[in-house]
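Chemist: What would the 3D arrangement of this be:
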Amino acid sequence: MDLRAYLEILRRRGWIIILTALVAAVLAFGISLVQTKTYRATVRISAVPARPDWGLGNSAKDLLRNFVNNLNTHDMANRVISVAQLDMNSYDLLSKLTISAEPDNFMIRIDAKDQDPEIAKEIALTMAQEFETDRRQYYETQDKSNRIEVKVVDSVVDAPLYKPKPVTNGLAGFVLGGLIGALIVLALEWMSADILATPETVARTLGLPVLGTIPAAAKRAAQRKQGN
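Modeler: Numbers count the residues shown, from 1 in each chain. The predicted structure follows:
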């Protein structure tokens, strides 16, 4: 099929793609508007070796996974609830948290999500500060050259909107709707592939010249006479 054939398909059925894309975009945008807003606060904890030693650096990277596991516990969650005076249990708090290690940066990332941005910030920052306090107390008993210095990177925490994002979802819906519309057009073309609808199609399919055609108006008149 050459380029002209594709352009002809778009001319005849392109409206299907556009309509499907617009409907999907409006639906995605509308659904996003009625969804409950969720905010996410992020706090990073630095865990840097006290001296630039290759072995100590690798040990620090390995310890990050252990630190993440220690943070993801009900004991730590209950401490955060007690200090921040939060009205929830440890299961609720842990369900709001995502804690991950960033070994290349010697960082631990704490993400807290909640419908209230202030609560999200309080959870993330309180957990980071409690963990920092624990590590400092522990490393005070260790030789200074072997310590891993743990500290909160920044005490100023924002909690931007995490979801929904109507504009982003609307654009995604538009793209997805366009793809669905294109599939519908392909399906319609496939189903009509065996129909010889134009003189050009007849000539190309049969390999014979078309000597004449019956005008649509004459065809309808003949059908009416047959009906009478």
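Chemist: For residue 173, grab the count of nearby residues.
Modeler: Residue 173 is flanked by 22 other residues according to other C-beta atoms under 10 Å. Every residue, glycine included, has its C-beta placed from N, CA and C.
Chemist: What residues are bridge-paired with the residue nearest to residue 107 when sequence neighbours are not counted?
Modeler: Of all residues not flanking residue 107 in the chain, residue 44 sits nearest, at 5.0 Å (C-beta to C-beta, 6 or more residues apart in numbering). Counting by DSSP bridges, residue 44 is bridged to residue 109.
Chemist: what about residue 44, how many residues close to it?
Modeler: 16.
Chemist: One more: residue 79?
Modeler: 18.
Chemist: got the contact list for the residue nearest to residue 107?
Modeler: Counting by C-beta atoms under 8 Å, 6 or more residues apart in numbering, residue 44 touches 102, 107, 108, 109, 110, 128, 152, 153, 154.
Chemist: What subset of the residues you listed is buried?
Modeler: Buried subset of the contacts of residue 44 (neighbour count, 16 or more other C-beta atoms under 10 Å): 107, 108, 109, 110, 128, 152.
Chemist: ok now do the first one, which residues does it touch?
Modeler: So the one you mean is residue 107. 44, 45, 46, 47, 64, 101, 153.
Chemist: Now do the nearest residue to the fifth one once chain neighbours are set aside, the pLDDT please.
Modeler: Counting by C-beta to C-beta, 6+ apart, residue 64 lies nearest to residue 101, which is 3.9 Å off, once chain neighbours are set aside. According to the prediction, residue 101 has pLDDT 90.
Chemist: List phi and psi for residue 101.
Modeler: Dihedral pair for residue 101: phi -100, psi 140, per degrees, to the nearest 10.
Chemist: neighbours around it, how many?
Modeler: Residues lying near residue 101 (other C-beta under 10 Å) number 20.
Chemist: Which parts of the chain are helices?
Modeler: 3-34, 54-71, 74-84, 90-95, 117-139, 166-191, 199-206, 216-227 (DSSP state H).
Chemist: how about residue 100, what does it touch?
Modeler: By C-beta under 8 Å, 6+ apart, the neighbours of residue 100 are 68, 108, 109, 111.
Chemist: ok so, going back, could you tell me how far the residue nearest to residue 107 is located from residue 167?
Modeler: 28 Å (C-beta to C-beta, to the nearest Å).
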